[in-house]
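Engineer: just the structure for this:
(chains A and B)
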Amino acid sequence: MDKNQDIISQKITFINRISVRISIIILAVLVLGIGTAAFYFIQMQNSTILQSREKAIKEESEVIYLAIKNNMLAGEARIAVDLFKDFASSVFVDDIKLYRTTGVTAFSDNSTLETVNNILNDKKFTPKTKFILKEKIENKDFAKTVKTIDEVFVKDIKSENKQLIIYQPLINQPRCSTCHGTGHVLRGVLRIASSINEPYRQARQNSLFSIGIYSVVIFVLTILIILFINKVIINKILNIGDVVMSVGEGNFDSKVSIKENNEIGLLAKRINKMIDGLRERFRLTKFVSRSTLEHVKADNEILLGGEKKVITVLFTDIRGFTHFSEKRDPSDVMKILNKVMKLQSKIINQFDGDIDKFVGDEIMAIFEGQDMVLRAAKAAEKIKKELILSIDEDIKTIAVGIGINTGEVISGNMGGERRLDRTVLGDTVNIGARLCSAAGRNVIVLSEYSYNEIKEFVSVTEHNPIKVKGKDKPLKIYTLKETL
Amino acid sequence: MKKKIIFWLLVVLIISCMKMEEKYQTIGDYTKWKKPVDKVLDYAVPGHGKDLRVIYANSKAFEVKQKKKGNQIRYKFPDGSIIVKAIYANKADVGKNEKMITYMVKESKNPKSQDNWLYFMQKKGEKPVLVGSKMCIRCHEAANETHQYFDGNKNGDFMDYIFVPFNK
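Structural biologist: Sure thing, here's the model as predicted:
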């Protein structure tokens, strides 16, 4: 029982639970597998958002470049400056400026105008009095544009105001060269700065939203998986475990009530079949003695044959049973007989005796080990008393005669391959049976051998030796008055 | 296995791209080609300054097609067209001692092409270099508008980025 209690009270740690382990594995697969795919997808999506905006900005800058290039052909700085202002205030760009190759802002003085007039050899263009603020740009991107005469794209995403800055070289085209001369390829550099805050904000929002949805999905999936595993597998396994525990406690009427057509259902069927088999075998054990059971448990191979040992044998027999049963209905007889047998069996077991067999109204029991004779005597005394004092109408008139003998016997297996019996044989047994036959109603007869073992512990009446069947020499006997 | 496949695909792509440009590392004796304009171009232009220029083109270039679209004619040079601009420092060098040659190759399927043209520049004694910047194309864009060279393209026809009139 203690072992069962240990099993019942055994707690499974959280991490050892199957549902938890499976959930961890599935979670790991979802996070690593689908998570990796989702991460890649989000990255690609964000990259697409950013790249498409960058592409749009580059295309817008190309349009701006063409507009400015053609606008500049008019040669009027004011118109060009106004165009720049319009672009700067548009949604396309944050800032737009034209720089000379020296890095100084265009339209900040009359130097270009004067150069043009010199080339044309004509004061075609009137010097201006109003200029835009003179600034000088000095950074490696501008320098690179001037050197390579190629576009340079700069992504400034470190500051709060994220921008894509494009440095566009303004080429001295054939039509430009009419006024500006042919001695140079690069007229200036257009710097266009466009905000890319919005696509980054969108990308960030997209990431957060995706992560949020993904987390919720993972969480819900995990819960559902745990619930599913618990419902479909774990609870059913625990149910089977409860039934097995109940069977272990001797309740062979327990059954697993799972009827599903799956592996668990199949296991349940097999368990139930096993319980049926155990129930059958358990019932069979009632038909064999305890020593037979222990012998079967201990012996891997059941062999015919026996061994010598010293035991105490106790025989009881209901006095006048034949006469008693003649007058009664067989079912009543059986009922009364079973009551008496049950009473005697209980007492014999109480004193650690082993019922070897029931033969009609007779019981043959064996006592082994320490104090075997005294225990047999006490068992016999109690049987006698309980029958006498019984208030059960059926059995209070029943009396038994009991014989006890001690000595060497042969104990072993006899019979054939398909049917065996384990019993004890020998003169000791026969004498025990004879003493029982000789015992009167409620009389307990001890053999000399038995009495000698317990004489300090019992009060007896000594009798003259009696002659028993099968023995030449009369046997000295004692009747038990009481155990001390 | 996947990494190996990608590696070899890249190698093939690079080699094929290289092969595309390697194809034009040598263009042969262009001086034997036909000239779309016979005269030596002696007026200053941005990018070449006062250097003298002689234009040659391979036979493929002369297969240029024309298509009328509304009031505009659209010219289209076939892939493989090569137009060479031999540059000379002075008149005495013309035809003998070019300072540099630049040439355009029509390769519409080449990802490095700019408006379907590859621009090469080869200084005397050096290997040709593919021009990656927009230095050349930004100027040649003007060929598709009215300009001051040759017939001036008064109609604003789409000249496929070539100033020199072919088959006009």
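Engineer: make sure A:Ile311 is indeed in a helix.
Structural biologist: No. Applying DSSP: H, G, I helix; E, B strand; the rest coil, one finds A:Ile311 to be strand, outside a helix.
Engineer: relative to A:Tyr478, how far out is it?
Structural biologist: A:Ile311 is 19 Å from A:Tyr478, where distance means C-beta to C-beta, to the nearest Å. In this view, the C-beta of every residue, glycine as well, is placed from N, C-alpha and C.
Engineer: cool, and A:Lys158?
Structural biologist: Taking C-beta to C-beta, one finds A:Lys158 at 115 Å from A:Tyr478.
Engineer: quick one: which of the two has more around it?
Structural biologist: A:Tyr478 (21 against 6; other C-beta atoms under 10 Å in any protein chain shown).
Engineer: wait, isn't the more buried one in contact with A:Leu446?
Structural biologist: Yes. If you go by C-beta atoms under 8 Å, A:Tyr478 and A:Leu446 touch, sitting 4.6 Å apart.
Engineer: can you pull the residues that touch both of those two?
Structural biologist: A:Val460 (C-beta atoms under 8 Å, 6 or more residues apart in numbering or on different chains).
Engineer: report how many residues lie close to residue 11.
Structural biologist: Since you didn't name a chain, this refers to chain A. 6.
Engineer: sorry, I should have been clearer: chain B.
Structural biologist: 10.
Engineer: that one - that's part of a helix, no?
Structural biologist: Yes. Checked against three-state DSSP, B:Val11 lies within a helix.
Engineer: pLDDT score for it?
Structural biologist: Per-residue confidence (pLDDT) for B:Val11: 72.
Engineer: cool, A:Ala77 as well?
Structural biologist: 68.
Engineer: center of chain B - which residue?
Structural biologist: B:Met104 (1.5 Å; C-alpha atoms, centre = their mean).
Engineer: tell me what that one is bridged to.
Structural biologist: With DSSP bridges as the criterion, B:Met104 is bridged to B:Ile83, B:Tyr119.
Engineer: that one contacts B:Ile82, correct?
Structural biologist: Yes. Using C-beta under 8 Å, B:Met104 is in contact with B:Ile82, at 7.2 Å.
Engineer: which ones are touching residue 54?
Structural biologist: Chain wasn't specified; assuming chain A. So A:Glu54 contacts A:Phe153, A:Lys155, A:Leu164, A:Ile196 (C-beta under 8 Å, 6+ apart).
Engineer: please refer instead to chain B.
Structural biologist: B:Lys35, B:Val40, B:Leu41, B:Lys85, B:Ala86, B:Tyr88, B:Val94, B:Gly95.
Engineer: are we agreed that A:Lys123 is in a strand?
Structural biologist: No. According to three-state DSSP, A:Lys123 belongs to no strand; its state is coil.
Engineer: hmm, back to that, TSV for the contacts of B:Val54, including pLDDT, distance to chain A and neighbour count?
Structural biologist: As requested, these are exported to TSV (pLDDT from 0 to 100; distance: C-beta to the nearest C-beta, whole Å; neighbours: other C-beta atoms under 10 Å in any protein chain shown):
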residue	pLDDT	distance to chain A	neighbour count
B:Lys35	94	21	14
B:Val40	93	17	15
B:Leu41	93	12	19
B:Lys85	95	15	20
B:Ala86	95	19	22
B:Tyr88	95	16	20
B:Val94	91	19	16
B:Gly95	87	24	12
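Engineer: of these, which is the nearest to B:Glu141?
Structural biologist: B:Lys85 (16.5 Å; C-beta to C-beta).
Engineer: which SS state does the closest one fall under?
Structural biologist: Assignment for B:Lys85 (three-state DSSP): strand.
Engineer: who are the contact partners of residue 148?
Structural biologist: Using chain A here. A:Thr148 touches B:Ser133, counting by C-beta under 8 Å, 6+ apart.
Engineer: right idea, wrong chain: chain B
Structural biologist: For B:Gln148, counting by C-beta under 8 Å, 6+ apart, the contacting residues are A:Pro174, A:Arg175, A:Thr178.
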